[in-house]
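> sequence? don't have it. structure:
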């Protein structure tokens with residue numbers, strides 16, 4: 001195992017034992033798994049959603065349900081392999097009934113995401129959905145650029161991380177395209193921007 005593997009494994013162990021989380025009891029009660037993240041630990045591209053859904057919590061894998069199939073299609077349309085990127089969420093445990101994550105849930109899981117970013121050191125962070133967009137843009141000092149996702153999707157924001165220059169690209173969440181085919185077309189156009197950052 002590499003040092004990155006060890007550091008990411010440590011995060012997994014800490015989240016498994018995170019009894020302080022307001023979602024911990026839900027995980028245990030429903031015999032669910034936390035969803036830590038999956039993919040290349042040295043990925044140039046990191047995709048960040050908001051929280052696991054039912055399928056994700058049952059398997060421990062991010063984006064493995066219907067939204068995951070759309071994500072796979074979008075990645076394939078850009079020629080990017082899923083195994084070459086790293087996929088995770090801000091919140092690592094499933095909120096009940098797939099509701100939106102609460103501020104206190106984002107607050108307790110956010111630092112784990114911060115560490116994942118520092119370990120993996122992606123060149124580009126693509127946020128999926130408004131919660132991920134808001135969290136990452138605020139984290140990297142883009143508060144003045146914060147607008148509704150309908151305005152910010154597909155835009156490119158250069159910022160500085162501790163390890164160097166990176167790019168943030170807010171995208172719609174793939175789940176938004178399940179019932180809205182127009183959004184699927186928009187997502188395909190927005191995902192094409194990722195082509196610049198392929199390994």
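Perfect, I can see it now. Just so it is clear, the model here is predicted, and its values are computed rather than measured.
> and the residue nearest the centre of the chain, what does it touch?
For the chain, the residue lying nearest the average C-alpha position, counting by C-alpha atoms, centre = their mean, turns out to be residue 48 (1.4 Å). By C-beta atoms under 8 Å, 6 or more residues apart in numbering, the residues touching residue 48 are 88-90, 113, 125-128, 132, 136. C-beta: built from backbone N, CA, C; applies to glycine.
> Which secondary structure state does it sit in?
The three-state label given to residue 48 by DSSP: H, G, I helix; E, B strand; the rest coil is strand.
> How about it, nearest residue that isn't a chain neighbour?
Using C-beta to C-beta, 6 or more residues apart in numbering and skipping the chain neighbours, the partner closest in space to residue 48 is residue 132 (4.6 Å).
> Low-confidence bits of this protein, can you list those?
Counting by pLDDT under 70, the chain shows low-confidence ranges at 197-199.
> can you give me phi and psi for the residue of it most remote from its centre?
Note on the chain: the largest C-alpha distance from the chain mean falls to residue 29, namely 24.8 Å (C-alpha atoms, centre = their mean). Reported as degrees, to the nearest 10, the phi and psi values for residue 29 are phi -60, psi -40.
> Report the separation between it and residue 59.
Distance of residue 29 to residue 59, computed by C-beta to C-beta, to the nearest Å: 18 Å.
> Now do the helices in the chain.
3-16, 24-29, 54-59, 66-77, 103-120, 130-139, 149-152, 181-191 (DSSP state H).
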